[in-house]
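# give me the fold of what follows.
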Amino acid sequence: MKMKKVKNSAPNVLFLDETKVHPALKEFFGYCLTKSALRYKALHNEALKKLNIQSHHLGILKVVESGPISQIDLGAELGVDKASMVKCIDHLEKIGLVERRGDLEDRRIKNVGLTAKGAQLLKNAKKIRQQVEDNFLKPLNAEQQKIFRKLVSLLLPDKRDL
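Take a look at the predicted model:
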């Protein structure tokens, strides 16, 4: 199933608090799923502030952890447009977590690699992520948490499905 951009004529709304939940809408699955994800993201970003990164930066670091990857491939893997990816990599490079390296075969390509500082920060960020996740899932018992984690991952398409 290939995801396509859909042109939407509806005006964009700026939410003051995307995590605010109205009780009358709790019966709507999509609403609850979206609000839960936004709440988790807000909690995660707040916890990551002390490391000077956000959750999307953590995603980049996690992908780059397995070895250098071109900026273009990194953006494609994460579904991020070129301009946004450059901006994120600029930030991570500026604070010393990644470095751009020229490709040996094609000098136009810039590969992104994790620095030693980035590897250490990634370890710390993983601990923070786990703490946020555990706290977020506290309303569920241990068995429910295990099931929920598995079910959520099943809702995401496999790379082969795209």
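
# hey, let's count contacts and neighbours off CA atoms from now on
OK.

# now do the contacts for the residue nearest the centre of the chain.
In the chain, the C-alpha closest to the average C-alpha coordinate belongs to H56, at a distance of 3.8 Å (C-alpha atoms, centre = their mean). By C-alpha atoms under 8 Å, 6 or more residues apart in numbering, the contact set of H56 is empty.

# could you tell me the per-residue confidence at it?
Looking at H56, its pLDDT stands at 94.

# so where is this protein shaky, pLDDT-wise?
Along the chain, the parts satisfying pLDDT under 70 run over 1-10, 12-14, 159-162.

# mind listing the helices for the protein?
All helices of the chain, identified by DSSP state H, fall at 29-48, 55-64, 71-78, 82-94, 116-136, 142-155.

# got a markdown table for the ones you listed, with distance to D103 too?
Formatted as a markdown table, the helices of the chain follow (distance: least, C-alpha to C-alpha, whole Å):
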| stretch | distance to D103 |
| --- | --- |
| helix 29-48 | 31 |
| helix 55-64 | 15 |
| helix 71-78 | 11 |
| helix 82-94 | 16 |
| helix 116-136 | 20 |
| helix 142-155 | 34 |
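
# brilliant, that's me finished.
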